[in-house]
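Student: I need the structure of the sequence given here:
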Amino acid sequence: MSNMARSVALSLVLVSLFGCTVGPDYVRPEVDSPKQWRVDYAAATAVANTRWWEQFDDPVLDQLIDTALRENKDVRIAAARIVEFAARVDIARSGFYPQIGYNGQASRNRASREAFGGIPAGSDRSYNDYSATLSAGWEIDLWGRIRRATEASRADLLAQDENRRTVILSLVSAVANTYITLRQFDRQLEVSQDTLATRAESLRLFELKFKGGVISDLELAQVKVEYEQAAAAIPPIERNIALTENALSMLLGHNPGTIPRGKSIDQLIQPPVPAGVPSSLLARRPDIRAAEQNLVAANARIGVARAQYFPSISLTGLFGYASEQLGDLLQSSANVWSLGGSALGPIFTGGAISGQVRASEAVQRQTLLGYLQTVQSAFREVDDALISVRKSHEQLAAEGRRVQALADYARLAKLRYDEGYSSYIDVLDAQRSLFDAELKYVTVQADVYNSLVNTYKAMGGGWIIQAQATANETDFPPSKQNQPAGFAFPRPTPPAGDGNSNGYTSP
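Tutor: All right, here's what the predicted structure looks like:
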């Protein structure tokens, strides 16, 4: 056993003196960031680190988002995927440690007298065989293959964590947008029903006039057309309400059904527009951070592939007992042991290893380009969202003036008709235009809120951490957290500073 101890000590010295990690170390790629957005708002960065949906001041919306974070199936699938990749880190890390096993056997055997070297005549052909052994094997990570594999697995895990945050980001935004759309349809239904009620009263009066011979059947037909137009507008809106409720139910993780209502779309408060310089997106957007972790993993796997050029060095050992009689199994004379070492390396592989290295390098290049593309897409999404906020506000103001002007037009046209200066066609034309404008105003009103939601989604921020903490109450309660060393759910803050850390901690 002293020889075994000396062999292990010698191996550890060799690792400490000559061990290296093949493959390139990760270096964050440079990103060409725009210096500023095309639309500049006053700084409101702090609000992006809070539960911004509470700024709408609608408790029902707050409750819907909390329910979705706890019960949405996509979030829970993403959480289960994190547990899977956490286990994969443990699998990769296991290569750092000796693999110890045991084996116990008991058999009753009968040998042949006729075989070469068989049992001599007069000897008992039957015998017992008992053994109990303890084995150990340890691959010395001289070239860093296991270190690179662990680095890649840990980056995969961090990418999955960021992917879950991306799911949470999309979920919160989708619930808010869908709820706003639902309140838009509710308001349009109210406008349509009010218009229908007004036209029903007009139709009743015109039918009385027609019976009295005051108006012609042409004028009555014109009023009926406008009434039916308002009636025909209601079923599509009611259908949209039902479909939107079903979509929102799915986001909540529930079966299709009705959705509770809070404040009307006219009563919702507009939150401030979040702000920040373009370069801050690299730390605030989980999809960008996930893409970078994928790049870290792809970079590390180049080292895993290159390590195959070098020999795999392992130490093996076995200690145990073997005997023909069970009672003699633990006698000192029955012990067996062996110590050994092996070096297994390639001489000729027909280009297999070089092909794997080239393939891993090509994957790294693809992942790099994907990361840069993700960053560019993020810049575009933020710029689009900020422009949408500005222009939807301008459009809403114009639509409001249009509605007011058409209301005046309808009032004056009715007054002129009552005084006999114009036909009822002018009144119908004014009312038709006013109805369309009122519906359009509500649509643009919803666009303003949706563009604000999309801005928070595009900007990212600390609010995702708070939303993740709510989701963790279901998926990662403190009593059931399953995580590898050095990783916690949830991380309380986003990666600090410039984000140069790839999240890898040496075992």
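Student: Which strands border the longest strand belonging to the chain, and is each parallel or antiparallel?
Tutor: Using DSSP state E, we find that the single longest strand of the chain is strand 126-140. With DSSP bridges as the test, strand 126-140 is paired with strand 99-110 (antiparallel), strand 312-323 (antiparallel).
Student: Of all these, which one is nearest Ala467?
Tutor: strand 99-110 (41.5 Å; C-beta to C-beta). (C-beta placed from N, C-alpha, C; glycine too.)
Student: So what touches that closest one?
Tutor: Strand 99-110 is contacted by residues 125-138, 320, 326 when judged by C-beta atoms under 8 Å, 6 or more residues apart in numbering.
Student: let's see 6 Å
Tutor: The contact list for strand 99-110 (C-beta atoms under 6 Å, 6 or more residues apart in numbering) reads 125-137.
Student: For Ala297, which non-adjacent residue is closest in space?
Tutor: Residue nearest to Ala297 in three dimensions, not counting chain neighbours: Ala155, with 3.9 Å by C-beta to C-beta, 6 or more residues apart in numbering.
Student: was I right about that neighbour contacting Leu295?
Tutor: No. Counting by C-beta atoms under 6 Å, Ala155 sits too far from Leu295 to count as a contact (8.2 Å).
Student: ranges for the helices of the stretch 201-350 of the chain?
Tutor: Taking DSSP state H, counting those that start in this stretch as the test, the helices found in the stretch 201-350 of the chain are 217-251, 281-284, 286-306.
Student: In a markdown table: the ones you listed, plus mean pLDDT, mean neighbour count and distance to Arg28.
Tutor: As requested, the helices of the stretch 201-350 of the chain are exported to a markdown table (pLDDT from 0 to 100; neighbours: other C-beta atoms under 10 Å; distance: least, C-beta to C-beta, whole Å):
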| stretch | mean pLDDT | mean neighbour count | distance to Arg28 |
| --- | --- | --- | --- |
| helix 217-251 | 93 | 16 | 35 |
| helix 281-284 | 81 | 20 | 9 |
| helix 286-306 | 94 | 24 | 7 |
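Student: can I get the ones you listed in TSV with distance to Gln356?
Tutor: Putting the helices of the stretch 201-350 of the chain into TSV (distance: least, C-beta to C-beta, whole Å) gives the following:
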stretch	distance to Gln356
helix 217-251	43
helix 281-284	31
helix 286-306	5
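Student: Of the ones you listed, which is nearest Ala362?
Tutor: Proximity to Ala362 (C-beta to C-beta) singles out helix 286-306 among the helices of the stretch 201-350 of the chain, at 9.6 Å.
Student: can you list contacts of the closest one?
Tutor: Identification of contacts with helix 286-306 by C-beta under 6 Å, 6+ apart yields 22-23, 26, 145, 148-149, 151-152, 155-156, 158-159, 162-163, 165-166, 282, 356-357, 360-361, 363-364, 367-368, 371, 374-375, 378, 502.
Student: In helices, which of those residues fall?
Tutor: Of the positions in those, 145, 148-149, 151-152, 155-156, 158-159, 162-163, 165-166, 282, 356-357, 360-361, 363-364, 367-368, 371, 374-375, 378 sit in helices, assigned by DSSP state H.
Student: Where does the prediction get shaky in the stretch 101-250 of the chain?
Tutor: Confidence mapping of the stretch 101-250 of the chain against pLDDT under 70 gives the ranges 116-118, 122.
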